[in-house]
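*Asks:* what follows is a protein structure lacking sequence information:
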């Protein structure tokens with residue numbers, strides 16, 4: 001393992017977990033303090049794009065599916081993360097278009113260098129682009145909070161798009177059953193993965209929506225979606241146009257649609 005000191009209260013520990021399926025207990029000790037956590041290695045063979053994830057984290061295929069309110073649908077598998085683990089997209093996207101960061105706030109002017117993600121090849125085309133920089137969006141909000149602790153405490157006013165993601169479980173609590181996934185706004189690379197798999201995702205959304213429209217949107221639509229990735233320009237963040245597949249960046253004050261992902 002390798003340990004990086006982030007600040008007086010935070011250590012970042014890199015671990016190599018064995019490849020065999022199972023649970024592994026890891027204890028990190030620093031002086032007189034220690035922290036123990038359990039890491040799981042899973043077999044994702046059957047976690048294919050388009051599968052519906054239920055509240056108890058079981059999978060079902062859209063064919064023949066019917067909603068059970070005691071174990072409702074919560075996500076649709078949309079790809080894998082950089083570690084090969086399955087990620088799912090929430091069944092709703094924002095009803096309103098939202099700003100990444102309000103104009104003239106710290107977040108608007110800040111250059112969040114550690115979450116820059118930009119196309120390296122296939123620039124401008126979501127279906128073929130590859131990327132450089134930070135492609136894992138699951139910790140991007142945590143990073144922003146660390147850089148702008150004051151601004152992120154008032155996320156509703158300063159970071160509206162992220163606030164929508166952070167309050168998803170509250171907004172849709174009555175439709176999530178016992179599930180409370182850890183949602184996050186996708187990185188640019190992950191958002192392009194969603195775009196590439198949109199047809200399978202839309203088919204499953206349509207199935208759930210047709211059974212009960214309160215549980216899912218009818219489709220991802222052809223909206224422009226924010227990613228959580230900073231662009232190479234300090235007042236700009238990255239987006240994908242789901243009508244054309246165009247990948248670009250714009251001022252953080254622009255109002256765009258928002259979706260959220262969770263790792264499973």
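*Replies:* Thanks, I have the structure now. Predicted model only: the values in this text are computed from it and were never measured.
*Asks:* any idea where the helices of the stretch 51-200 of the chain begin and end?
*Replies:* With helices called from DSSP state H, counting those that start in this stretch, the stretch 51-200 of the chain shows them at 106-109, 140-147, 149-153, 155-158, 160-166, 168-171, 188-196, 198-211.
*Asks:* of those, which stretch is the most buried?
*Replies:* Highest mean neighbour count of the helices of the stretch 51-200 of the chain: helix 188-196, a mean of 26 (counted as mean count of other C-beta atoms under 10 Å). Just so you know, the C-beta spots here come from the backbone N, C-alpha and C atoms, and that holds for glycine as well.
*Asks:* mind listing what the closest residue to residue 264 other than its chain neighbours touches?
*Replies:* Among residues not flanking residue 264 along the chain, residue 86 sits closest, at 4.9 Å (C-beta to C-beta, 6 or more residues apart in numbering). Taking C-beta atoms under 8 Å, 6 or more residues apart in numbering, we find residue 86 in contact with 44, 47, 77, 79, 80, 263, 264.
*Asks:* at 6 Å instead, please
*Replies:* Listed by C-beta atoms under 6 Å, 6 or more residues apart in numbering, the contact set of residue 86 reads 44, 47, 77, 80, 264.
*Asks:* which among the residues you listed end up buried?
*Replies:* Among these, the ones that count as buried by 16 or more other C-beta atoms under 10 Å are 47, 77, 80, 264.
*Asks:* export the helices of the stretch 51-200 of the chain to TSV and tack on mean pLDDT and distance to residue 39?
*Replies:* Output for these, formatted as TSV (pLDDT from 0 to 100; distance: least, C-beta to C-beta, whole Å):
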stretch	mean pLDDT	distance to residue 39
helix 106-109	96	32
helix 140-147	97	18
helix 149-153	97	28
helix 155-158	98	29
helix 160-166	98	25
helix 168-171	98	23
helix 188-196	97	21
helix 198-211	98	28
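*Asks:* among those, which comes closest to residue 38?
*Replies:* Nearest of those to residue 38, taken as C-beta to C-beta: helix 140-147 at 20.3 Å.
*Asks:* who touches the closest one?
*Replies:* With contact meaning C-beta under 6 Å, 6+ apart, helix 140-147 is reached by 114, 115, 152, 162, 228.
*Asks:* and of those residues, the nearest to residue 107?
*Replies:* Using C-beta to C-beta, residue 152 is the member of those that lies nearest residue 107, at 7.8 Å.
*Asks:* from residue 36, how far off is the residue lying closest to the closest one once chain neighbours are set aside?
*Replies:* In space, residue 152 comes closest to residue 145 once its chain neighbours are excluded; the distance is 4.4 Å by C-beta to C-beta, 6+ apart. Residue 145 sits 24 Å away from residue 36, going by C-beta to C-beta, to the nearest Å.
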